[in-house]
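1. return atomic coordinates for the entry below.
(2 chains)
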Amino acid sequence: MPRLALAFGLGLLAVLAAIPLLVKLTGVVFLLTLFTRIVILAIAAVSLNFILGYGGMISLGHAVYLGIGGYTMGILAHHGITSGFVQWPVALALSALFALATGALSLRTRGVYFLMITLSFAQMVYFLTVGLDKYGGDDGLTIYKRSTFAGLLDLSDKVTFYYVCFALLIACVFAVWRMSRSHFGMVIRGAKSNDRRMQALGISTYRYRLTAYVIAGTMCGLAGVLLANHTDFINPEMLSWTRSGDLIIMVLLGGIGTVIGPVAGTVAYLVLEEGLSGVTEHWQIFLGPLLVLAALYRHGGIAGLLSWNRRD
Amino acid sequence: MILFLEQFLNGLQFALLLFLLAAGLTLIFGIMDLVNLAHGSLYMVGAYLAAYFARMLDSFVLGVLLALPAALLLGVVLEILVMRRLYSRDHLDHVLATFGLILFFNEAVRLVWGPAGLTLPLPSFLSVFLQVLPGVSYPVYRLTIIAVGLLVAGLLYYLVQHTRIGMLIRAGASNREMVGALGVNIKRLYTIVFGVGACLAALAGVMAAPILTVQIGMGENILILAFVVIVIGGIGSVRGAFVAAIIVGVTDTVGRAYLPDILRLMLSPTAASTAAPALSAMFIYLLMSSFLVFRPEGLFPAPGGRR
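-> As a prediction, this is how the structure comes out:
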């Protein structure tokens, strides 16, 4: 990784780490809320990038894991089970299980059919949540108590919660970085550029791709748990297909197949959203054409601008 | 039985709306290999244009007649400005660009017509009931939708199967490079196909406008259903889109009508009425997933078409 890229990545993480301090100095509390959201969605973007950027699996249903994580946390809390030691493992296990079952079927398809089938499975869960009358249906469910950790951590403290999310983001970025450089990651990347050749080398790429899909789903499930804790509310909107589209855009803006790219993309997308909406109520009229231009002229997103996009 | 007939007609009417949306989408997808998420926006803009023109000119018919060429023009402009630069890109770029267009159109509509949404009131000659069977009366407007849908389906079939341009469209779906190499102006062909697709989407929006409310984002959910239809029918096949639209439209409507009664045997009434539409929607996506796993080429694969 060239020096400029490393400096940019570390700089970005340093800025994110300093946000609570900045809030304390300036007194703009709203920044902390915004950046908590950014950090959580960055985890989701990093997880999507793992399969999309390295594995070439274009999923238009990745937000379903935000929903599975969020709804697991919310439903358990609704029934009085607030311990994070129960909620979090259950949410992650369910995300992994769903990814395993749907991934096993989805990965039999290729290209645009993969996009369609991931969308289809996500829509199924979306309508399941709409139909759950007991948990609010379309209107959603308010969560009255955040996850508790036997007094070790107080997630209702904003700064603590921010650092928990931030630490988890660092862990995910590190995990993806290590995996992408391992034998496992090499197989995934090889299957992206030429699956036939990988199979001719005697490697059963299907298993590797499925494993990657399950890892990504689980990671995004974690983001879902955090998101439900952050907003104290869950509704079907969390896993609508447009949310999956948002995630793809964050990854693309940052630069696919780079480690820190998705984090930069998430920051850019949400800060742009916030900044433009400060200028005009009709900010999407600018954001839309910006995305079109990014699609027409992008060369590896923000990461590409710094020319450390090493896609081969 | 009478109730069933009524529900079946409702289903048919919804199916034909879906078909109009899916026909353009499947041609654009099959021929240009373009994933156009903004197709639902054209549906929305069509509905808005019709409601706007109808109010300005105080005439439903004129409003509808003006909205369609306007949508055609919009489609052509969109193709020349954005879409034609996307054909050679990968699907990821399609998603990014057309998602950006959704945001743009939603906001543009909000800017021009405000956030509240519009209504397109029916003229008196269409808001009457017709006795379809002894004892069964059915709104004339919904019958009109069915008639227009069938007419357009017939016209499209003729256009694709029996005209020179249709032959080029089919040839383009099978092998683009070869058609271009034979000296066909493929750029112009694409512009025409996209324009026609936009016009069909707008027609669906226009016809849905008096039944549903004309509002921002109205195209987003129906777009996904249109994707279900083209996957089940086979990407690039208009005939497949027709059959699949009937299957999806009727299943969805009849499911919503009858499931609550069945579910009420097991659940409380409120839970049943929330769960029923959700279940029938889930069933449709189950159908889509099964097709993608076991028969990804769909019911009517376009010959020599996409892999």
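2. from now on I want contacts and neighbour counts done on CA atoms only, so please keep to that.
-> OK.
3. what helices or strands is the helix or strand of chain B with the lowest mean pLDDT leaning on?
-> The weakest-scoring helix or strand in chain B, judged by mean pLDDT, DSSP states H and E, is strand B:129-133 (a mean of 78). Secondary structure elements in contact with strand B:129-133, counted by 3 or more Cα pairs under 8 Å, 6 or more residues apart in numbering or on different chains; DSSP states H and E, are strand B:136-139.
4. and the strand it packs on, which strands flank it?
-> Each strand that strand B:136-139 pairs with, and the sense of that pairing, follows from DSSP bridges: strand B:129-133 (antiparallel).
5. for the strand it pairs with, buried residues please.
-> Counting neighbours by 16 or more other Cα atoms under 10 Å in any protein chain shown, one finds that strand B:129-133 has no buried residues.
6. for A:T266, which non-adjacent residue is closest in space?
-> A:M250 (4.9 Å; Cα to Cα, 6 or more residues apart in numbering or on different chains).
7. that neighbour: which element?
-> A:M250 belongs to helix A:241-254 when assigned by DSSP states H and E.
8. after that helix, which helix or strand is next?
-> Where DSSP H and E defines the elements, the next helix or strand beyond helix A:241-254 is helix A:261-279.
9. could you say what helices and strands that following helix packs with?
-> Using 3+ Cα pairs under 8 Å, 6+ apart as the contact test, the elements touching helix A:261-279 are helix A:29-49, helix A:241-254, helix A:284-297, helix A:301-305.
10. quick one: closest of those helices to B:R164.
-> Smallest distance to B:R164 across the helices and strands packed on helix A:261-279 (Cα to Cα): 32.9 Å, for helix A:284-297.
11. was I right to think B:A67 contacts B:G46?
-> Yes: counting by Cα atoms under 8 Å, B:A67 sits close enough to B:G46 to count as a contact (6.2 Å).
12. please enumerate the shared neighbours of the two.
-> Residues within reach of B:A67 and of B:G46 at once, by Cα atoms under 8 Å, 6 or more residues apart in numbering or on different chains, are B:202, B:206.
13. what does the helix holding A:M250 contact?
-> Counting by Cα under 8 Å, 6+ apart, the neighbours of helix A:241-254 from elsewhere in the structure are A:41, A:44-46, A:48-49, A:60-64, A:119, A:122-123, A:237, A:260-266, A:268-269, A:294, A:300-303, B:95-96, B:99.
14. ok so, going back, need the helices and strands packed on helix A:261-279 in a markdown table with distance to A:G137 and mean neighbour count, can you?
-> Output for the helices and strands packed on helix A:261-279, formatted as a markdown table (distance: least, Cα to Cα, whole Å; neighbours: other Cα atoms under 10 Å in any protein chain shown):
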| stretch | distance to A:G137 | mean neighbour count |
| --- | --- | --- |
| helix A:29-49 | 24 | 24 |
| helix A:241-254 | 17 | 26 |
| helix A:284-297 | 29 | 20 |
| helix A:301-305 | 38 | 22 |
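15. quick one, which of these gets closest to B:S88.
-> If you check each of the helices and strands packed on helix A:261-279 against B:S88 by Cα to Cα, helix A:284-297 wins as the nearest, at 10.6 Å.
16. ok now the closest one, how far from the chain's centre?
-> Relative to the centre of its chain, helix A:284-297 is centred 21 Å away, using Cα atoms, centre = their mean, to the nearest Å.
17. buried stuff in stretch A:128-142?
-> Across stretch A:128-142, burial judged by 16+ other Cα under 10 Å covers A:128-133, A:135-138, A:140-142.
18. as a whole number, average confidence for that stretch?
-> The predicted model gives stretch A:128-142 an average pLDDT of 89.
19. and if you look at stretch B:216-225?
-> If you average the pLDDT values across stretch B:216-225, you get 89.
20. let me see the contact set for residue 132.
-> Going with chain A. Residues counted as contacts of A:L132 (Cα under 8 Å, 6+ apart) are B:271, B:274-275.
21. not quite, I wanted chain B
-> With contacts taken as Cα under 8 Å, 6+ apart, B:V132 has the following neighbours: B:Y138.
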